[in-house]
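Peer 1: Any chance you can model this:
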Amino acid sequence: MHLIKGKIAIGKTSTWLCICSMLLICLVKASVAGQDQDTHSARLLHAGLDLFPSFLAADQQIADKQDNDGNLVIYIVHHNDSRTAQIVATRLLDIKKIKGVPMKVVIVRDDDDDLYSLQPAGIFIAQPHLPHLAAVVKYGKQKSIITFSPFAGDVTLGVAGSIAVTARILPQVNTTTLADSKLDLKPFFLRIASRYPEVELN
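Peer 2: Take a look at the predicted model:
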């Protein structure tokens with residue numbers, strides 16, 4: 001009887017250890033997947049920071065979008081990731097000027113009323129899956145502001161500019177949003193850009 005009980009106890013212990021091991025493996029896989037996602041987002045962010053100044057410089061009315069102090073106000077928009085927004089702001093401030101005009105960077109949440117207190121020359125989306133992206137896109141269209149996001153899928157949701165990752169990284173534009181925003185980008189820039197939807201631009 002004691003031997004049978006011992007076997008049963010060992011069996012239960014083995015089953016429990018097996019379950020714990022499986023749970024641990026799942027947690028590790030989830031952690032690795034999360035890290036991979038973070039790494040992917042960081043790479044997109046880095047590529048986006050390289051291309052965003054080109055979008056601003058391609059705006060043929062960019063010189064008219066200076067504030068009263070002669071600066072180009074750039075919004076860095078996030079929802080709850082102020083740390084990344086600060087990194088983006090620092091990187092953009094390193095550039096200092098767009099076509100000879102100094103930049104002023106403002107970090108703002110996507111649900112903050114301060115988003116509408118100024119009229120920026122450009123908006124950089126610094127966080128994927130922004131809950132209030134639609135409102136930011138609408139504001140950009142109304143005020144003829146370039147909205148830019150390096151994150152996959154945002155251009156299909158109406159963001160004016162993004163990146164296309166193929167064999168190389170190219171600028172990507174939402175042709176419908178450009179028209180709705182009355183944004184006039186340089187023809188050369190549009191010729192090299194990937195387009196969504198796929199239409200020919202004059």
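
Peer 1: Go ahead and name everything in contact with stretch 116-126.
Peer 2: Under the criterion CB atoms under 8 Å, 6 or more residues apart in numbering, residues 45, 48, 52, 55-56, 59, 62, 65-67, 72-78, 81, 84-85, 88, 92, 98, 106, 133, 136, 139-140, 143, 145-151, 154, 159 lie in contact with stretch 116-126. From N, CA and C alone the C-beta is placed, and that goes for glycine too.

Peer 1: So which bits of it are buried?
Peer 2: For stretch 116-126, burial by neighbour count (16 or more other CB atoms under 10 Å) applies to Pro120, Ala121, Gly122, Ile123, Phe124, Ile125, Ala126.

Peer 1: again with stretch 71-90
Peer 2: Judged by neighbour count using 16+ other CB under 10 Å, the buried positions of stretch 71-90 are 71-79, 85, 87-89.

Peer 1: thinking again about what came up before, can you turn the buried part of the contacts of stretch 116-126 into a PyMOL selection?
Peer 2: Buried residues within the contacts of stretch 116-126, by 16+ other CB under 10 Å, are selected in PyMOL with:
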select buried, resi 45+48+52+55+56+59+62+65+72+73+74+75+76+77+78+85+88+92+98+106+133+136+139+140+145+146+147+148+149+150+151+154+159
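
Peer 1: among the contacts of stretch 116-126, which are in helices?
Peer 2: Judged by DSSP state H, helices contain the following of the contacts of stretch 116-126: 45, 48, 52, 55-56, 84-85, 88, 92, 133, 136, 139-140, 143.

Peer 1: what's the closest non-adjacent residue to Lys104?
Peer 2: Using CB to CB, 6 or more residues apart in numbering and skipping residues adjacent in sequence, the residue nearest Lys104 is Asn71, 4.0 Å away.

Peer 1: helix or strand for Val173, which one?
Peer 2: Using DSSP states H and E, Val173 sits within strand 169-174.
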